[in-house]
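>>> missing the sequence, but the structure's below:
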């Protein structure tokens, strides 16, 4: 269910997408100036103190203090705002068991009760990490997602996947733990570097490619943070993910796997480069280009559609070509440690049959996968 605007005069205009999971249902609220009324949204969920805000050093250095200004002190008597125990280093390398252990021990040291509520304030790394802590502390406590990057707004904050990385691979440790609420304030994107915004557009393009051709046609022209229809674009992505999650919450039916389009090779690129060369969305951009051509070779995707995907990535300032020093062998080796590898040791691929339609579960020969990775060495204009 999607609601286009607020009915309560005291709240700013916003869009609401309901993720309908029975007793685990929650709202994703999308709009501008939402953090100014954050307390109103949170209090409606009947969440209890103490409130523990988990964030990273980059976000903590910004002026986010207003997020607490509307929390009723009579209801929330114990707000741990930017306690140094709950501020992590920025970046993918913080999404680790070591960091999770530090956060969990901080909560244990101050005897945080089961009534505690974690607010995950930041991008996808913080959302995954804080969500994992919420899922595991005292066998599960409430948490609220407050995504501050486009990528987190449209993807990682919704659906209940939480987790951390191991040296052997990305997201190998985790749990399904749905948030109680997601508040996506588009004004937070004003502080986002252009490269980070572009990285988020990779996930937006993904949603259009797998499920919504009209959305793809819109975003293929390029999207900017101040576009008037950004709230509608985010809403469409969230609604697509919500419907998929409702049908396949625990990824047992194959439908939720569609959300992994471009991610198998993308995750392998991240691991092969030590999570330092590419932002997540940039690696997914490369993965989608490779997956698009695998779709041409294996699933009947028209070559013109693969070219359109490349053009859409370019229009949104996303990379198409691997940097010369990235080792193909390391990428191919990393595929074997992907969390989506099946019991037979083989990767299962998400491919497009046409723009807006995808299928999952394909097995592709290693030689063809290697060919797709090698394809990333060359710019489309040089082919």
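Thanks, I have the structure now. Source: prediction; values computed, not measured.
>>> residue contacts, the residue nearest to residue 154 when sequence neighbours are not counted?
Among residues not flanking residue 154 along the chain, residue 237 sits closest, at 3.9 Å (C-beta to C-beta, 6 or more residues apart in numbering). Every C-beta, even on glycine, is put in place using the N, C-alpha and C of the backbone. With contacts defined as C-beta atoms under 8 Å, 6 or more residues apart in numbering, residue 237 is in contact with 154, 155, 203, 204, 207, 215.
>>> swap in residue 137?
Residue 137 neighbours (C-beta under 8 Å, 6+ apart): 104, 107, 108, 112, 116.
>>> please narrow these to those residing in helices.
Within the contacts of residue 137, residues falling in helices by DSSP state H are 104, 107, 108.
>>> same list (those residues) but as TSV, adding neighbour count, distance to residue 146 and pLDDT.
Below are the ones in helices among the contacts of residue 137 laid out as TSV (neighbours: other C-beta atoms under 10 Å; distance: C-beta to C-beta, whole Å; pLDDT from 0 to 100):
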residue	neighbour count	distance to residue 146	pLDDT
104	17	20	96
107	23	19	92
108	11	24	93
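>>> quick one: residue 33 from residue 256, how far?
33 Å (C-beta to C-beta, to the nearest Å).
>>> ugh, wrong one, I meant residue 110
36 Å.
>>> just residue 335 next, same as before
20 Å.
>>> is it true that residue 205 touches residue 316?
Yes. Using C-beta atoms under 8 Å, residue 205 makes contact with residue 316 at a distance of 6.8 Å.
>>> of the two, who's got more company?
residue 205 (28 against 23; other C-beta atoms under 10 Å).
>>> read off the pLDDT value for the nearest residue to that one once chain neighbours are set aside.
Counting by C-beta to C-beta, 6+ apart, residue 312 is the residue found nearest to residue 205 once chain neighbours are left out, at 5.3 Å. Residue-level confidence at residue 312 comes out at 98, pLDDT.
>>> next, residue 312: secondary structure please.
Under DSSP: H, G, I helix; E, B strand; the rest coil, residue 312 falls in the helix class.
>>> for it, what are its contacts?
Per C-beta under 8 Å, 6+ apart, neighbours of residue 312: 205, 208, 216, 219, 220.
>>> related to what we said a few turns ago, more neighbours: which of residue 33 and residue 256?
Using other C-beta under 10 Å, the more surrounded residue of residue 33 and residue 256 is residue 256, with 20 against 13.
>>> count of neighbours near residue 375?
18.
>>> isn't residue 215 right next to residue 203, touching?
No. Using C-beta under 8 Å, residue 215 is not in contact with residue 203, being 11.8 Å away.
>>> more neighbours, the two?
residue 203 (27 against 20).
>>> the more buried one is in what secondary structure piece?
Assigned by DSSP states H and E, residue 203 belongs to helix 194-211.
>>> tell me which other helices or strands that helix touches.
helix 150-151, helix 213-219, helix 230-247, helix 280-299, helix 303-315, strand 349-354, strand 357-362 (3 or more C-beta pairs under 8 Å, 6 or more residues apart in numbering; DSSP states H and E).
>>> indicate which one of these is closest to residue 135.
helix 230-247 (16.0 Å; C-beta to C-beta).
>>> so the closest one versus helix 194-211, what angle?
50 degrees (axes from the mean of the first three to the mean of the last three C-alpha atoms, to 10 degrees).
>>> show the subsequent helix or strand relative to helix 230-247.
Counting by DSSP H and E, what follows helix 230-247 is helix 263-272.
>>> show me what that following helix is in contact with.
92, 169-171, 278, 280, 283-288, 290-291, 322, 326-327, 330-335, 337-338, 340, 347, 349-350, 369, 372-373.
>>> my read is that residue 36 contacts residue 11, right?
No. Look at residue 36 against residue 11 with C-beta under 8 Å: they stay out of range, at 9.7 Å.
>>> low-confidence ranges in the stretch 51-200 of the chain?
63-83 (pLDDT under 70).
>>> who wins on neighbours among the contacts of residue 312?
Counting neighbours by other C-beta under 10 Å, the top entry in those is residue 205, with 28 neighbours.
>>> and that one, how far from residue 15?
Residue 205 is 20 Å from residue 15, by C-beta to C-beta.
>>> and the contacts of residue 237, which is closest to residue 362?
residue 207 (19.8 Å).
>>> which one is residue 87 nearest to, not counting chain neighbours?
residue 60 is the one closest to residue 87 (C-beta to C-beta, 6+ apart), at 5.0 Å.
>>> the one you found: how many residues sit nearby?
When neighbours are counted by other C-beta under 10 Å, residue 60 registers 18.
>>> spatially central residue for this structure, please.
Geometric centre of the chain, nearest residue: residue 156, 2.5 Å, by C-alpha atoms, centre = their mean.
>>> which residues does that one contact?
123, 124, 127, 128, 147.
>>> what are the phi and psi angles of it?
Phi and psi for residue 156, reported as degrees, to the nearest 10, are phi -70, psi -20.
>>> swap in residue 144?
According to degrees, to the nearest 10, residue 144 has phi -120, psi 130.
>>> quick one: it from residue 25, how far?
Per C-beta to C-beta, residue 144 is found 14 Å from residue 25.
>>> and these two? Which one has more around it.
residue 144 (25 against 13).
>>> beta partners for the more buried one?
On the basis of DSSP bridges, residue 144 is bridged to residue 119, residue 181.
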